[in-house]
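Asker: show me the folded form of this:
(2 chains)
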Amino acid sequence: MSEEKSLNFIEEIIEADLAAGKYQSIVTRFPPEPNGYLHMGHATSICLNFGLTKKYPGYTNLRFDDTNPVTEDTEYVDSIKEDIKWLGFEWKNELYASDYFDELYNFAITLIRKGLAYVDDSTSEEIASLKGSPTEPGTDSSYRSRSMDENLDLFERMKNGEFEDGTRTLRAKIDMAHTNMLMRDPLLYRIKHAHHHRTGDKWCIYPMYDFAHGQSDSIENITHSICTLEFIPHRELYDWLIEKLEIFPSHQYEFARRNLSYTVMSKRKLLQLVNDKHVNGWDDPRMPTISGMRRRGFTPQSIRKFCDTIGIAKRENIVDFSLLEFCLREDLNNTALRVMAVLDPVKLVITNYEDDKTEDLISENGPDEAYGTRAIPFSKELWIEREDFMEEPAKKWFRLAPGAMVRLKSAYIVRCDHFIKDENGTVIEIQCTYFPESKSGSDTSEIKVKGTIHWVSAAQAISAEVRLYDRLFKVENPSSEEGDFKDYINPDSLQIIYAFIEPSLQNATTENRYQFLRKGYFCLDKDSSSEKLVFNRTVTLKDAWAKEVKK
RNA sequence: UGGGUUAUGGUGUAAAGGCAGCACAACAGAUUUUGAUUCUGUUUGUCUAGGUUCGAAUCCUAGUAACCCAACCA
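Answerer: Numbering: from 1, shown residues only, chains lettered A, B, ... in the order given. A predicted model of the protein is given here:
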């Protein structure tokens, strides 16, 4: 009795291919260029490609598309590998387009011998002007009719380093009047005297994307090469090269990249945010990078669930950020340890509690009994949340107010008798009496209260820095707004506060996730030390009262 | 003004000529020692105009809108 989950269009293609016996098993690949950090958009591609070969027989390669030495670096290779592993996926082979440089060079010679490629001495400006426009055909380069021998000779000399950068290129000979601009004699190789992160100074000519990607797919026997919509025009060239080279026929399929509301998702824009110091690096918890989200406290499960839920299609989209938050909270609710922390403290004094007494009260650690319990110190002076007291209570107010009663979570019911203000009118102390017989777990008081609030004992509380994050942008789709996307940055996306947290948190670890009761999910930040704890707010809890207040 | 791709509630995604479904969001209620969780229910949709058909989101015709393509980037 398997639940009937509908297939996305790529799964349909794969099932048809498998059913027709076209393939016995499939091979996919995740092909990042190592020139930046992975973000949520890559996560969809990773979940798709690796997910496919979990569902169907076959495997997925990790292939670094490193054909442009000036932008690429091993620093990125390492972070990409770390991010994929963290997301919970394993690649079959770790490969590099640069592994195929010799083979690619020979492919180019094959093309020249077939009269399908030529060396062009034109400058990039000349090439651009002869290219035509989408509505006008291009013009043949005057070098297009060079003899095969001359092409072979010049291409070899290009490889040998005889020419300066930009003085010559190798181009495919297709059709300068083609309606698809990419088929107008596309560049295959360019000269770059640059150091490559893997091949060093061995090469001074490097293949273009179009002459590397499809060929690498073919060399690896990739059956389904999945990319995003903007590569649709490339498919015609992809197929042309494979056909002329007579190599393994990989096929390209395209899906629409997923966009998330209230953020941006292009390497270029993310790089600007980092360079212009709008965020503190690629792993800033506000960034939609995998490393940023990891630091923020996202779990791999929640990201995988999200990718699975939004699915795959070919139309333009902006996914609600709230769906990501839902997937996050769903996972965190099941795993986070429950603790108490007061983010905006005000003193609460229990006037009828003994002055020097401290008692240990028992509180549950997690969402169910399996997580066990722990002892929390309770005493006469506590910190409670400032927003849990209202001098003049609103209607439907369940919390503290003069004369009102609430339960202190895992402790006693208290009644507010007095409060003290400073000269500015700010409440600085709330005085209560407690009901000893209302003790949590053995309550015989028969007092019913509607509200339960969290607290920490003032004497034992420890102080911690807490970083509260909000959305990075003020608008749903910063990229589609007038002017520069950076004009729409939310200036209040980071708020740093100092909170009182319960003493057990002294042993907090980065592996654990915590729910600060009634306040949200938090995780320990890497900036923490034994003297100073730093927590990141991953996401708030849903807040029905906040909605009520808005009305 | 050429070529390509796409159009289903506020959002994302199903329905391969036969009941427009699912999830998020929103709203209402129940439970609750977290105004959380959980549970129950409600609202909202096939781009437009024609046509074929017993029957159309799906097929046909004509429109409309959005996105992509003129880097020695990927």
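
Asker: where does the stretch 251-400 of chain A come near RNA strand B, residue by residue?
Answerer: Residues of the stretch 251-400 of chain A lying close to RNA strand B by CB under 7 Å from any atom of the strand are A:256, A:309-320, A:322-323, A:326, A:329-330, A:333, A:338, A:367, A:396-399. Backbone N, C-alpha and C define where each C-beta goes, glycine included.

Asker: report the buried members of those residues.
Answerer: Burial by neighbour count, 16 or more other CB atoms under 10 Å: within those this picks out A:310, A:312, A:319, A:326, A:329, A:338, A:399.

Asker: helix/strand/coil for A:Lys448?
Answerer: Assigned with DSSP: H, G, I helix; E, B strand; the rest coil, A:Lys448 falls in the coil class.

Asker: quick one on the thing from earlier: tell me which of the residues of the stretch 251-400 of chain A next to RNA strand B fall in helices.
Answerer: Using DSSP state H, the subset of those located in helices is A:309-310, A:322-323, A:326, A:329-330, A:333.

Asker: how many other residues sit next to A:Thr169?
Answerer: 25 (other CB atoms under 10 Å).

Asker: neighbours of A:Lys131, how many?
Answerer: 17.

Asker: got the contact list for the closest residue to it other than its chain neighbours?
Answerer: Leaving aside its chain neighbours, A:Lys131 sits nearest to A:Gly138 (4.8 Å; criterion: CB to CB, 6 or more residues apart in numbering). Counting by CB atoms under 8 Å, 6 or more residues apart in numbering, A:Gly138 touches A:130-132, A:176-177, A:184-185.

Asker: can you list the low-confidence ranges for chain A?
Answerer: Within chain A, the ranges that satisfy pLDDT under 70 run A:1-4.

Asker: and the helices in it?
Answerer: A:9-19, A:40-55, A:74-87, A:101-113, A:124-130, A:148-159, A:213-219, A:232-245, A:267-275, A:290-296, A:300-310, A:321-335, A:544-550.

Asker: still on that earlier bit, distance of the residue nearest to A:Lys131 from A:Gly166?
Answerer: 20 Å (CB to CB, to the nearest Å).

Asker: what does A:Arg184 give?
Answerer: Distance from A:Arg184 to A:Gly166, by CB to CB: 19 Å.

Asker: likewise for A:Ile501?
Answerer: 60 Å.

Asker: check A:Gly451 too.
Answerer: According to CB to CB, A:Gly451 stands 72 Å off from A:Gly166.

Asker: when these two are compared, which one has more neighbours?
Answerer: Remark: of A:Gly451 and A:Gly166, A:Gly451 carries more neighbours, 15 against 11, as counted by other CB under 10 Å.

Asker: can you verify my assumption that that one contacts A:Pro393?
Answerer: No. Here A:Gly451 lies out of contact with A:Pro393, judged by CB atoms under 8 Å, at a distance of 10.6 Å.

Asker: give the residues shared as contacts by these two.
Answerer: Contacts common to A:Gly451 and A:Pro393, judged by CB under 8 Å, 6+ apart, are A:Arg399.

Asker: show the contacting residues for the residue lying closest to A:Arg235 once chain neighbours are set aside.
Answerer: Spatially, and ignoring its direct neighbours in sequence, A:Arg235 is nearest to A:Gln252 (4.8 Å; CB to CB, 6+ apart). By CB under 8 Å, 6+ apart, A:Gln252 lies in contact with A:214, A:217, A:225-227, A:231, A:234-235, A:238-239.

Asker: now the end-to-end length of stretch A:255-265.
Answerer: Stretch A:255-265 has its terminal residues 16 Å apart, counting by CA to CA, to the nearest Å.
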